[in-house]
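In: coords please:
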Amino acid sequence: MKTYDVAKGLLIPIFRALWRIRGRGIENVPRSGPLIVACNHLSYLDPPALGVICPRRLSYMAKAELFRIPVLGAVIRSVGAYPVDRAGSASGAIKRSVAVLRAGGAVGIFPEGTRNLTGAAQVREGVALLASLARAPVVPACVSGSDRAGRLHRISVSFGKPLYLPRDRKATREDLRTFTERIMSEIHVLAETADA
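Out: As a prediction, this is how the structure comes out:
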């Protein structure tokens, strides 16, 4: 995906100059095979910040409304983003994500479904469902400082170790719920140690 690589090349010096971006735990990101990167969401800068630091090309689910914004819609589509209807059926976005994963690609997802500055957003089990359908590991990730980017605060992106659903059987609803909680717990740990 040439456009993705060009965009990343343009964004790296901007993020370094303005926000002194740094990455931690990059060695935890598998370099090949299906992969889901599940990240917290504080700011509109989170997707590009995650993409700048992650060593893999990431395809993102993005809310359908963004694709209706002139110019922005075309730009995010050109770098591999695809729409999800948060108010209706997400089946199209799920099918697209599974296709990306089964082809050995990486998908970036924000489990809270929206920016979550207060911690009150409802966490959805879509990440666990995708991991189950595509038999893909999930790497928890945390972007910190992006909510203070207007004051040119440093932005950090941290990655935890890959997490796996049980591989010897089909995941149950309880497995999916527990796995979602585990992913969010690991993201919170990364957030607590982000500035350490």
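In: Tell me the helices and strands packed up against the longest helix seen in the chain.
Out: In the chain, taking DSSP state H as the definition, the longest helix is helix 173-192. Helix 173-192 sits against strand 35-39, helix 126-134, strand 138-144, with contacts defined as 3 or more C-beta pairs under 8 Å, 6 or more residues apart in numbering; DSSP states H and E. All C-beta atoms are positioned from the backbone trio N, CA, C, and that covers glycine.
In: can you rerun that using 6 Å?
Out: The helices and strands touching helix 173-192, judged by 3 or more C-beta pairs under 6 Å, 6 or more residues apart in numbering; DSSP states H and E, are helix 126-134, strand 138-144.
In: now stretch 37-44: mean pLDDT?
Out: Averaged over stretch 37-44, pLDDT sits at 92.
In: if we can go back for a sec, pull the distance from the longest helix of the chain to the chain's centre.
Out: 14 Å (C-alpha atoms, centre = their mean, to the nearest Å).
In: Just want the angle from it to helix 126-134.
Out: Counting by axes from the mean of the first three to the mean of the last three C-alpha atoms, to 10 degrees, helix 173-192 points 120 degrees away from the direction of helix 126-134.
In: quick one: contacts of helix 173-192?
Out: Residues outside helix 173-192 that contact it (C-beta atoms under 6 Å, 6 or more residues apart in numbering): 38, 40, 123, 125, 128, 138, 140, 142, 158, 160, 165.
In: Filter those residues down to just the buried residues.
Out: Neighbour-count burial within the contacts of helix 173-192 applies to 38, 40, 125, 128, 138, 140, 142, 158, 160, 165; the criterion is 16 or more other C-beta atoms under 10 Å.
In: can I get those residues in TSV with distance to residue 175?
Out: Formatted as TSV, the buried ones among the contacts of helix 173-192 follow (distance: C-beta to C-beta, whole Å):
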residue	distance to residue 175
38	16
40	23
125	10
128	8
138	13
140	17
142	24
158	26
160	19
165	6
